[in-house]
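In: okay, sequence plus prediction incoming.
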Amino acid sequence: MSCFKRPTHKFKSVLNNALPLAFLSAILATSGCGGGGAKAPINTVVVTISPTSARLTTTSTQQFTATVVGTKNTNVTWTATAGTVSPSGLYTAPTNVPNPPIDTVTATSVADPADAAAAEVTILPGPNTISVTLSPIAGTVTTFGTLQFSATVTGDANTAVTWYVNGIQGGSQSTGYISSSGLFYAPGGVPTQLIGNGSFKATTATVTAVLNDNTAYFASANVTILPANQSVQAAPIELGTSGGNVNDSSTDKSLTFCCGGTLGALIALDNTQYVLSTNHTLARSDAANIGDAIVQPGLLDTNCDSTRTTTVANLSQFYSLQNNPQPPNIDAAIAKVIPGEVDASGNILYLGATADANNVPISGAPHAGPGLSVDSTLIGRGVAKSGRTTGLTCSTIDAVDISLTVEYVQNCDGTGIPINVQFSGQIEIEGTTFSAQGDSGSLVVTQDTADPVGLLFAANDTSSVANPIQEVLNYFQDAKGNLPTIVGGAAHQVIGCTLPAAPQSAVTVATVAATTNAALLNAVKTRDVHLSEILSKAGVEAVGVGSSYDNPTQAAILLFVAKDQPHGNLPRQIEDIRTRVVEVATPPRTGALSLAESTKVEQSAANVQLPPTLSDSEFKRAQAVHSANVATLLKQSGVQGVGISPSLDSPGEAALLIFLVRGVAHDAIPPVIDGVRTRVKESSRFRANYGGIQSSPSCTLHPRKAAPSKALQQK
């Protein structure tokens, strides 16, 4: 019996790859049994393969050769785990990349099938061999609705994908969410897009599936999100819906444009009901005639075809934007309801306290009555609106008592000479997603009680503006002295603001903007000169430097104080440098802190969340300073508005919020005016929230009841 055992495949692989054939033969020739027994004949078959490895793209080929020693029969059988091999050893890679992307090519001895050699082939995706497609390739879904997407991957055995909405994995509140299985959940409000004039319009969400093992391969689909607010409604219609004046169109040469806004709410006056909206939605910015038909939906949602609309009311009264001796406080109009055409309970789309089985908020009426007055308690209050363009959106009130200039333009198509109209006593709502073109006329209500707060009429690229609702109602009192009231029901929560799909811009976190090194160094010098004086102030634990939150382009001297301790006696500025109060549990040390130390302490402190509340006394203090200075401030270049808001540099303190037009030169804004801090917001110009489209050639327009005036016709 031979004591030389046949090597295993593993051993043979080592031999094949590591030892020359001559050396192997020498080993075999000198091997024998111990104890002087007779030598057994050696008859070992060895198979080698060349090359031993390869990297190939899908469907490409590689010639392999096999060498067999130890037998006269040198034939081999070729096999592969994924691709194919011809009898001559020509390997063809598979069409798809396997998972894992490795193939094994094996040459097996025909004479002795126990003897074989193998080569490893790494399979790479070839050009145009991998593709990802989505179904559907585009979609339309209503707000709060769902849409199922599926991804098909070809050319790759690993078909797993990761889902994104507008480049965010899993999506977001403002654009919608998507599950790992491709189920898209539409937001409660329509995503918006900033356009050239600094305002927003509705846009689509983009759903993307990215191949996990090769992110260069992906597919995208655009999703159009439509609120029910734009649909044609059967009578009696609910409000928060598309509507406008039947004559709201304009023609420029051969092109016809039509516009519309939102039929916001229902009011009652002396046992008669009226639709409430803005002047520029119902009265065409002073260009309409009393008695004009008010239709649902607006012409912009019917391709300018008035035959596809329903007359639901007739224009009764409007506040003239141009023919009042004093600056207007409102942009509002009312239209007498045609019996049976409007829901008499005042229901507004999506504004209910409950949701249906599909988690879509039902319609609901606002809290009936006169609405809320403007005072310190409104600042920081969560609010909601349901409008024609963006549906249900939710945010917070950041400032009140705003005096501002709003830009209107002539003609429905947005052309013509801009005309600036001044307003005072207005309400600012924080966030870029709260409104877009066509939302004018929406009723703004509180999120927790559905109490009416204001009538939305304008916006810029950072916030929206509403007329105080009580000023609106007061204007429309009748000759008998009767005041109109909002038609509605009991107080209730607007549940749509608590659902995951509802876009929320209610909490804004103050962040440090980039401040120049020169400004920071100047703040350090000023701080050091006055260090002893600052540290002598009660409550001040340490003093640092950083950026101002009230004016992010400027540096500030940071006053670190114990959390929840009074700090009203602290300086609001030192020389010409702003101060910022930072509440901390325990500072690392007392005295002057470097920029790095200041930053570290700030990071350990709680984030400043906006807007905080103001006490009534602090609010009134700011009101007095506002009244004394607003006229002067509004005359300065680049200043488009002044209101009252919380200071971001000192929790609990009020600030004069000064709205600057981005890109327009302006005078330096002092840190403090008459003892009240100033806060700066740069943005595009405030513009009326008009919504308009160019009609297609098939547009049908009925003759106007009256020739168009040269007055404003913007939505």
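Out: All right, it came through fine.
In: which ones are touching the nearest residue to residue 77 once chain neighbours are set aside?
Out: Spatial nearest neighbour of residue 77, chain neighbours left out: residue 108 (4.7 Å); criterion: Cβ to Cβ, 6 or more residues apart in numbering. Where C-beta positions appear, they are placed from N, C-alpha and C, glycine not excepted. Residues in contact with residue 108 (Cβ atoms under 8 Å, 6 or more residues apart in numbering) are 47, 76-77, 79, 115-116.
In: which one of these is nearest to residue 56?
Out: Residue 56 lies nearest to residue 79 out of the contacts of residue 108, by Cβ to Cβ, at 16.6 Å.
In: so the closest one makes contact with residue 113?
Out: No: with contact defined as Cβ atoms under 8 Å, residue 79 does not count as touching residue 113 (11.3 Å).
In: comparing the two, which residue is more hemmed in?
Out: residue 79 (14 against 11; other Cβ atoms under 10 Å).
In: so that one is in which element?
Out: strand 76-80 (DSSP states H and E).
In: average model confidence for the very next helix or strand once past that strand?
Out: Sequence order places strand 84-85 as the next helix or strand after strand 76-80, per DSSP H and E. Averaged over strand 84-85, pLDDT sits at 96.
In: now do stretch 468-478
Out: 96.
In: wait, which of the contacts of residue 108 is closest to residue 432?
Out: Nearest to residue 432 among those: residue 79, at 62.2 Å, using Cβ to Cβ.
In: quick one, what contacts the closest one?
Out: 85, 105-106, 108.
In: any chance of those residues in JSON lines, with distance to residue 99 and secondary structure too?
Out: Shown next, in JSON lines, are these (distance: Cβ to Cβ, whole Å; DSSP: H, G, I helix; E, B strand; the rest coil):
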{"residue": "85", "distance to residue 99": "21", "secondary structure": "strand"}
{"residue": "105", "distance to residue 99": "18", "secondary structure": "strand"}
{"residue": "106", "distance to residue 99": "20", "secondary structure": "strand"}
{"residue": "108", "distance to residue 99": "25", "secondary structure": "strand"}
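In: most surrounded residue in those residues?
Out: Neighbour counts for the contacts of residue 79, by other Cβ under 10 Å, peak at residue 105, which reaches 27 neighbours.
In: could you pull out the strands for the stretch 551-700 of the chain?
Out: All strands of the stretch 551-700 of the chain, identified by DSSP state E, counting those that start in this stretch, fall at 555-562, 573-574, 577-584, 591-592, 609-610, 639-646, 654-661, 672-673, 676-683, 687-688, 691-694.
In: and stretch 644-654, what's buried?
Out: Buried residues in stretch 644-654, counted by 16 or more other Cβ atoms under 10 Å: 644-651, 653-654.
In: lowest pLDDT pick from these?
Out: Across the buried residues of stretch 644-654, the bottom pLDDT score, 87, is held by residue 651.
In: pLDDT below threshold where in the stretch 451-600 of the chain?
Out: Along the stretch 451-600 of the chain, segments meeting pLDDT under 70 span 500-515, 568, 587-588.
In: avg pLDDT for the longest helix anywhere in the chain?
Out: When the chain is parsed with DSSP state H, its longest helix is helix 616-634. Helix 616-634 shows a mean pLDDT of 97.
In: what's in contact with that helix?
Out: By Cβ under 8 Å, 6+ apart, the surrounding residues in contact with helix 616-634 are 375-376, 379, 401, 403, 405, 422, 424, 614, 639, 641-644, 652-656, 658, 673-676.
In: just want the angle from it to strand 676-683.
Out: Here the directions of helix 616-634 and strand 676-683 differ by 60 degrees (axes from the mean of the first three to the mean of the last three Cα atoms, to 10 degrees).
In: can you mark which positions in helix 616-634 are buried?
Out: Residues 618-619, 621-623, 625-626, 629-630, 633-634 are the ones in helix 616-634 that count as buried (16+ other Cβ under 10 Å).
In: next one: stretch 200-212
Out: 200-205, 207-211.
In: mind checking pLDDT for residue 131?
Out: Note on residue 131: pLDDT of 87.
In: and if you look at residue 688?
Out: Residue 688 is assigned a pLDDT of 88 by the prediction.
In: okay, now residue 671: neighbour count?
Out: When neighbours are defined as other Cβ under 10 Å, residue 671 has 21 of them.
In: no, scratch that, I was asking about residue 169
Out: 12.
In: the closest residue to it other than its chain neighbours: neighbouring residues, count only.
Out: In space, and not counting its chain neighbours, residue 169 is closest to residue 162: 6.3 Å by Cβ to Cβ, 6+ apart. The number of residues packed near residue 162 is 16, by other Cβ under 10 Å.
In: for beta bridges, what are the partners of residue 162?
Out: Bridge pairing for residue 162 (DSSP bridges) gives the partners residue 210.
In: now do the contacts for it.
Out: Applying Cβ under 8 Å, 6+ apart, we find residue 162 in contact with 169, 209-210, 212.
In: keeping just the C-alphas, turn stretch 327-339 into PDB.
Out: Provided in PDB are the C-alpha atoms of stretch 327-339 (Å, rounded to 0.1, in the frame of the first residue of the first chain):
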ATOM      1  CA  PRO A 327     -52.500 104.300   4.400                       C
ATOM      2  CA  PRO A 328     -54.700 101.200   4.300                       C
ATOM      3  CA  ASN A 329     -54.600  98.600   7.100                       C
ATOM      4  CA  ILE A 330     -56.400  95.900   5.100                       C
ATOM      5  CA  ASP A 331     -56.600  94.300   1.600                       C
ATOM      6  CA  ALA A 332     -60.100  92.800   1.900                       C
ATOM      7  CA  ALA A 333     -63.400  92.300   0.100                       C
ATOM      8  CA  ILE A 334     -66.700  90.500   0.700                       C
ATOM      9  CA  ALA A 335     -69.200  89.000  -1.700                       C
ATOM     10  CA  LYS A 336     -72.800  88.200  -0.900                       C
ATOM     11  CA  VAL A 337     -73.500  84.400  -1.000                       C
ATOM     12  CA  ILE A 338     -76.000  83.000  -3.500                       C
ATOM     13  CA  PRO A 339     -78.300  80.800  -1.400                       C
END
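In: neighbours of residue 594, just the number please.
Out: For residue 594, the count of nearby residues is 11 (other Cβ under 10 Å).
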